[in-house]
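Asks: Sequence below, structure please.
(4 chains)
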There are 2 protein chains.
Amino acid sequence: MPRLSNAREQIIERARSLLTERGFDGFSYRDISEHLGIRNAAIHYHFPSKTDLGLALIQDVAQEMLDQIEEARKTLTPAQQLNGYFEYEIQHCAHFDLCPVGALSTSWEVLSDDMRGAVASFWQAVLDWLAEVLEKGRETGEIRFYGEPIDKARLIIAAVSGARQQARIDGGNLVAQVAEQFRREMFAEAEN
Amino acid sequence: MPRLSNAREQIIERARSLLTERGFDGFSYRDISEHLGIRNAAIHYHFPSKTDLGLALIQDVAQEMLDQIEEARKTLTPAQQLNGYFEYEIQHCAHFDLCPVGALSTSWEVLSDDMRGAVASFWQAVLDWLAEVLEKGRETGEIRFYGEPIDKARLIIAAVSGARQQARIDGGNLVAQVAEQFRREMFAEAEN
DNA sequence: GGCGTATCTTACTTGCAGGTAAGTTAATTG
DNA sequence: CAATTAACTTACCTGCAAGTAAGATACGCC
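Replies: Numbers count the residues shown, from 1 in each chain, chains lettered A, B, ... in the order given. As a prediction, the model looks like this:
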C-alpha cells in the first residue's frame, strides 16, 4: 500500500475545494477520505477535530492571499492591483465557487474563537490593502471615487463577494459584470 | 394538551429565523420542534421533507418582499424606494442575520430543483424591480449613476447582501456603511 | 351521537456525522 | 539491528439527522 506522499497538503487542498463548493458544514471527513483513498481516522490524525482542519484551511487561504497582496504591492500600480483583484475573483467566480470567508460566515455561530479570529483578521487585512490601493490610486489620478478609501473598499469587497455568492443563482459570471461596472465608474470619464 | 392554533405558520416563522441565523443546513427539525414545544413528527406532518419546508420558506420570504415592492412602487418616488430598500436591509443587518437568498446559495448544490427555481425567480424579481427604480430615478434626476440600470442594480444587490454576510465577521452594521457610500455616490454632488 | 378527517404523538428505522482507542506498518536513528 | 516515532488502519462509540408507521385525540358535520 503506497501511502500518500504529502497527506496533510492533499487533505487541505481537497477540503478547500469542498469548502468553496459546499460551505464548512457541507462536507464531511468522509468526502475527503474517499476522494484521497484513505481512512477517516487518517484525517483525524492530522487534524484531530474539524475545527483544527478549519483553522488550517483559513490560514492556508489567508497565507496565499497575503503573499499575492505582498507581491502585488511591490510590483504593480494601484490601478493594476485593483484590476488584478477583479481578475482573480472573476476566475474563481467562473467555477461558481464561494468566497472562503463568505462560506465560513454562514456557519459563523458555530465556529471556534480561533477560527473566527483567523477569518476576521484575514478579512481585515484584505480590506486594509484595498483601502490603501484606492488611496494611492486617487493620489496618482488612476482611480476615481467618492468618499473615504476605507468606505469604498468595504463596498467593493462586499459587492465582489456578494456577486460570487449570487453567481450560483444567476448562473452567469456576476463578478465579471460587477467588476465591469466598477471599471466604468472608477476608471472611465463620467457618462452621466 | 393545548395544540398550537396555527402550527404551520409558527413552524415557518421559526424556520425563517433559523435559516437567516445558521443557513439551511444549519438547523434541524429538532430546533424547531423544541422551540414550539411539539414533536418532530408534527413538523413532518406539515412538511413531509425538509425540501418542502425550504420551498414554503422561500415562498414566504418572496411573497413578503414582493408585496412590499408592489406597495412601494405605487406610493414612493424612485429615490424613496431605493432608500427604503437600504433601510430594510440595514434593519436586518442590525440583527446579524443572513440574507435568505445568500443563506440558501451556500447550500445551492444540494437544493432541489423546486427550491432553486423559487430562489432564482425571487432574486430576479428583486433585481428587475431595482433596475426599474434606478431607470426611473435617472429620468427624474433623483438618482445618478454610470452605465445601464440593470448593471448598477446587480452591483447594489451584490454589495448589500455581501455586506450582510460580512457584518457577522466585522461585528458592525456594514450595510449601513455601504448604503451611506451609495448615497454619497448616487444622491450627492461629486466631491472628487 | 357516531363518523370522518385534520392534527398531532409515540415509537421506531436508517444513515452518517465527528470522534476515539488500540493495533499495524514503515521509515529513522542511535 | 533494535528501538522509537510518524503515519496510518481497523473497529468501534455516541449522537443526531431526516424520515416513517401506527396509534391517539379532537373537531366539525350529518
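
Asks: excluding its backbone neighbours, what's nearest A:A167?
Replies: Nearest residue to A:A167 in three dimensions, chain neighbours excluded: A:L174, at 4.2 Å (CB to CB, 6 or more residues apart in numbering or on different chains). C-beta coordinates here come from the backbone N, C-alpha and C atoms, glycine included.

Asks: The helix or strand of chain A with the lowest mean pLDDT near DNA strand C at all?
Replies: Lowest by mean pLDDT, DSSP states H and E among the helices and strands of chain A is helix A:100-106, with a mean of 93. No - on the criterion CB under 7 Å from any atom of the strand, helix A:100-106 is out of touch with DNA strand C, staying 14.2 Å away.

Asks: then that helix to PDB, C-alphas only?
Replies: Extracted C-alpha coordinates of helix A:100-106, given in PDB (Å, rounded to 0.1, in the frame of the first residue of the first chain):
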ATOM      1  CA  PRO A 100     -14.000  31.200   1.600                       C
ATOM      2  CA  VAL A 101     -14.800  34.000   4.000                       C
ATOM      3  CA  GLY A 102     -18.400  34.000   2.800                       C
ATOM      4  CA  ALA A 103     -18.600  30.200   3.100                       C
ATOM      5  CA  LEU A 104     -17.500  30.400   6.700                       C
ATOM      6  CA  SER A 105     -19.700  33.400   7.600                       C
ATOM      7  CA  THR A 106     -22.800  31.300   7.100                       C
END
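
Asks: for whichever helix or strand comes after it, packing partners?
Replies: Counting by DSSP states H and E, the next helix or strand C-terminal to helix A:100-106 is helix A:113-140. When contacts are defined as 3 or more CB pairs under 8 Å, 6 or more residues apart in numbering or on different chains; DSSP states H and E, helix A:113-140 sits against helix A:50-75, helix A:78-94, helix A:100-106, helix A:149-170, helix B:149-170.

Asks: contacting residues for the spatially closest residue to A:C93 that is not a sequence neighbour?
Replies: Spatially, and ignoring its direct neighbours in sequence, A:C93 is nearest to A:V175 (3.8 Å; CB to CB, 6+ apart). The contact partners of A:V175, taken as CB atoms under 8 Å, 6 or more residues apart in numbering or on different chains, are A:F86, A:E89, A:I90, A:H92, A:C93, A:V160, A:A163, A:R164, A:A167.

Asks: Dump those into JSON lines; add pLDDT as well.
Replies: Output for the contacts of A:V175, formatted as JSON lines (pLDDT from 0 to 100):
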{"residue": "A:F86", "pLDDT": "98"}
{"residue": "A:E89", "pLDDT": "97"}
{"residue": "A:I90", "pLDDT": "98"}
{"residue": "A:H92", "pLDDT": "96"}
{"residue": "A:C93", "pLDDT": "97"}
{"residue": "A:V160", "pLDDT": "98"}
{"residue": "A:A163", "pLDDT": "98"}
{"residue": "A:R164", "pLDDT": "97"}
{"residue": "A:A167", "pLDDT": "97"}
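
Asks: Chain A against DNA strand C: which residues are in contact?
Replies: Within chain A, the residues that sit near DNA strand C (CB under 7 Å from any atom of the strand) are A:1, A:27-31, A:40-41, A:44, A:48-51.

Asks: could you flag which of the residues you listed are buried?
Replies: Using 16 or more other CB atoms under 10 Å in any protein chain shown as the burial test, the residues of chain A next to DNA strand C include A:F27, A:Y29, A:D31, A:K50, A:T51 as buried.

Asks: can you redo the residues you listed as a markdown table with pLDDT?
Replies: Formatted as a markdown table, these follow (pLDDT from 0 to 100):
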| residue | pLDDT |
| --- | --- |
| A:F27 | 96 |
| A:Y29 | 97 |
| A:D31 | 97 |
| A:K50 | 96 |
| A:T51 | 96 |
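
Asks: out of these, what pair is the most spread apart?
Replies: A:D31 and A:T51 (17.0 Å; CB to CB).

Asks: Indicate whether whichever strand or helix holds A:E13 makes contact with DNA strand D.
Replies: Assigning secondary structure by DSSP H and E places A:E13 in helix A:7-22. Yes - using CB under 7 Å from any atom of the strand, we find that helix A:7-22 touches DNA strand D at A:A7, A:R8.

Asks: Who are the packing partners of the helix or strand just after that helix?
Replies: The helix or strand immediately downstream of helix A:7-22 is helix A:29-36, counting by DSSP H and E. With contacts taken as 3+ CB pairs under 8 Å, 6+ apart, helix A:29-36 sits against helix A:7-22, helix A:40-46.

Asks: right, so of the ones you listed, which gets closest to A:L130?
Replies: Of all the helices and strands packed on helix A:29-36, helix A:7-22 sits nearest to A:L130, with 20.6 Å by CB to CB.

Asks: If you count neighbours, what's buried in the closest one?
Replies: A:Q10, A:I11, A:I12, A:R14, A:A15, A:R16, A:S17, A:L18, A:L19, A:T20, A:E21, A:R22.

Asks: farthest-separated two in those?
Replies: Every pair of these checked by CB to CB; the farthest is A:Q10 and A:R22, at 18.3 Å.

Asks: Compute the first-to-last residue distance for stretch A:88-101.
Replies: End-to-end span of stretch A:88-101 (CA to CA, to the nearest Å): 15 Å.
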